[in-house]
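S.K.: Task: produce atomic coordinates for the following.
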Amino acid sequence: MPATPLGKMRMASVDAARMPARDDAPYIEAAWLYYHDGLNQNDIAERMRISRASVVNYLNEARNRGWVRVHMDSDVFKGHRLAEELCAAYGLTEAMVVPDDPVDPVGAAASIARVTRAAADWLPRLLEPGDRLGVSWGATVYQMAQQVPNTPMADLSVIQLLGSRPAALGFAAEACTAILAQRLGGECINFHAPLVLSNKALRDALCDEPVVRDQLDALATCNKTVLACGTCDADAHVVRSGILSPEEIAEYRAKGAVGVICGRLIDGQGRPVVSAVEERMIGVSLDQMRGKDMALLVAAGPGRALPARAAMKGGFVTHLATSTRVAEELLEMTS
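M.R.: The predicted structure is shown next:
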């Protein structure tokens, strides 16, 4: 087998672990009867000579293994009144607005789960053969990546936009990129360099290394991106990952910082708020994040309206996936 260039890997579009084995026949039969043939659970139980509880377990297991996906046409959400108003107010190409959980309309987990699932279904429809998709990081992007359906895309490159940073919560930048590349059957280009170095001289020297220089050149060629815009709160991602301390983020917040894109701070108009750590960072610049053919911002959960507004004002977004509550807050900010 020929050697694979450093930092690049062609990802299989289907995970072998998800392929059914022969003893999975009851799960497959139950799923087919329910989702394809339209039988109810009692009918399936009688036909398969099992209990209704077993049918429920079989159907749940089929979904957990990724054999069944319930898909709603994204056009439904793009036609939402709020989506149309967001496009008009912020100059977006398209927006998708997902209803909040009626039981817990202000809850972060429920909102994020709904929006990331909708964004995951939408993303493949925004891509074309030959695209070079740049991928940000964070819990929102990671959760979305995990839910993208297996949709092989010809000649697709999926590129990590910033250096690596240990992430105890499991959403390291390389993980977000690798999962998306696997789901989309694309070439995975991970960034094999730290996000933050101990000093500027070391950062500059590392950027001069041919391998790192090639990866920096690769991220500069992205024509599409998927991103989240973090907050500048005391528990922000940049604080939890150790890039900035609580005291430092408070200082930059006082200087006008309201959002974070790929580790870099922006103010309410999307302009850079340069932090001291940036001279030691390796990754995409804010200028490189603007002017894309498609830039999908996934914004969900409490406190996300202000960063999302900043990202849109700054020209980092063409497409938005969000919830009803965040959409309403964004529109209130325009009045």
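S.K.: For the stretch 1-150 of the chain, which segments count as strands?
M.R.: Secondary structure of the stretch 1-150 of the chain, counting by DSSP state E, counting those that start in this stretch: strands at 8-10, 94-98, 132-135.
S.K.: Same check on the stretch 201-335 of the chain?
M.R.: All strands of the stretch 201-335 of the chain, identified by DSSP E, counting those that start in this stretch, fall at 224-227, 257-261, 264-267, 294-299, 319-323.
S.K.: what's the closest of those to Leu286?
M.R.: strand 264-267 (5.4 Å; CB to CB). Backbone N, C-alpha and C define where each C-beta goes, glycine included.
S.K.: that older thread, would you reformat the strands of the stretch 201-335 of the chain as CSV and include distance to Arg132, mean neighbour count and mean pLDDT?
M.R.: Below are the strands of the stretch 201-335 of the chain laid out as CSV (distance: least, CB to CB, whole Å; neighbours: other CB atoms under 10 Å; pLDDT from 0 to 100):
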stretch, distance to Arg132, mean neighbour count, mean pLDDT
strand 224-227, 7, 26, 98
strand 257-261, 18, 27, 97
strand 264-267, 20, 23, 97
strand 294-299, 11, 26, 98
strand 319-323, 17, 28, 96
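S.K.: Go through those and name the closest to Ala118.
M.R.: Taking the strands of the stretch 201-335 of the chain one by one with CB to CB, strand 319-323 is closest: 5.9 Å.
S.K.: who does the closest one pair up with?
M.R.: strand 94-98 (parallel), strand 294-299 (parallel) (DSSP bridges).
S.K.: Columns distance to Pro152 on top of these, output as JSON lines?
M.R.: Putting those into JSON lines (distance: least, CB to CB, whole Å) gives the following:
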{"stretch": "strand 94-98", "distance to Pro152": "23"}
{"stretch": "strand 294-299", "distance to Pro152": "19"}
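S.K.: Which one, of these, ends up nearest to Gln146?
M.R.: Of all the strands paired with strand 319-323, it is strand 294-299 that lies closest to Gln146, at 12.6 Å by CB to CB.
S.K.: Could you figure out how far that closest one is turned away from strand 257-261?
M.R.: On the basis of axes from the mean of the first three to the mean of the last three CA atoms, to 10 degrees, strand 294-299 is oriented at 120 degrees to strand 257-261.
S.K.: Residues touching strand 294-299, excluding its own?
M.R.: With contact meaning CB atoms under 8 Å, 6 or more residues apart in numbering, strand 294-299 is reached by 93, 115-116, 119, 122-123, 126-127, 140-141, 144, 223-229, 289, 305, 307-308, 311-312, 316-322, 326.
S.K.: Return the most buried member of the strands of the stretch 1-150 of the chain.
M.R.: Mean neighbour count (mean count of other CB atoms under 10 Å) peaks for strand 132-135 among the strands of the stretch 1-150 of the chain, with a mean of 27.
S.K.: That one: how far from the chain's middle?
M.R.: Distance of strand 132-135 from the chain centroid (CA atoms, centre = their mean, to the nearest Å) equals 11 Å.
S.K.: How about stretch 296-309?
M.R.: Centroid separation for stretch 296-309 versus its chain: 12 Å, with CA atoms, centre = their mean.
S.K.: distance between the ends of that stretch?
M.R.: Taking CA to CA, to the nearest Å, stretch 296-309 runs 14 Å from one end to the other.
S.K.: hmm, back to that, confidence-wise, which of the strands of the stretch 1-150 of the chain is weakest overall?
M.R.: Mean pLDDT is lowest for strand 8-10 among those, at a mean of 52.
S.K.: just to revisit the earlier point, select, out of the strands of the stretch 1-150 of the chain, the one closest to Leu197.
M.R.: Among the strands of the stretch 1-150 of the chain, strand 132-135 sits nearest to Leu197 (CB to CB), with 21.5 Å.
S.K.: What strands flank that closest one, and is each parallel or antiparallel?
M.R.: For strand 132-135, pairing defined by DSSP bridges yields strand 157-160 (parallel), strand 224-227 (parallel).
S.K.: Please list the residues outside that strand that contact it.
M.R.: 127, 141, 145, 156-161, 173, 176-177, 180, 184, 186, 218-219, 221-227, 284, 289.
S.K.: Are any of those residues buried, and if so which?
M.R.: Restricting the contacts of strand 132-135 to buried positions leaves 127, 141, 145, 156-161, 173, 176-177, 180, 184, 186, 218-219, 222-227, 284, 289, with burial counted as 16 or more other CB atoms under 10 Å.
S.K.: rewinding a little: got a markdown table for the strands paired with strand 132-135, with distance to Glu247 too?
M.R.: Shown next, in a markdown table, are the strands paired with strand 132-135 (distance: least, CB to CB, whole Å):
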| stretch | distance to Glu247 |
| --- | --- |
| strand 157-160 | 29 |
| strand 224-227 | 27 |
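S.K.: Of those strands, give the one that comes closest to Ala193.
M.R.: Here strand 157-160 is closest among the strands paired with strand 132-135 (CB to CB), at 9.8 Å.
S.K.: Now do that closest one: everything it contacts.
M.R.: Contacts to strand 157-160, defined as CB under 8 Å, 6+ apart, come from residues 11, 131-135, 173-174, 176-177, 180-181, 184, 186-191, 218-219, 221-222.
S.K.: let's go with 7 Å and repeat that
M.R.: Residues outside strand 157-160 that contact it (CB atoms under 7 Å, 6 or more residues apart in numbering) are 132-135, 173-174, 177, 180-181, 184, 186-191, 218-219, 222.
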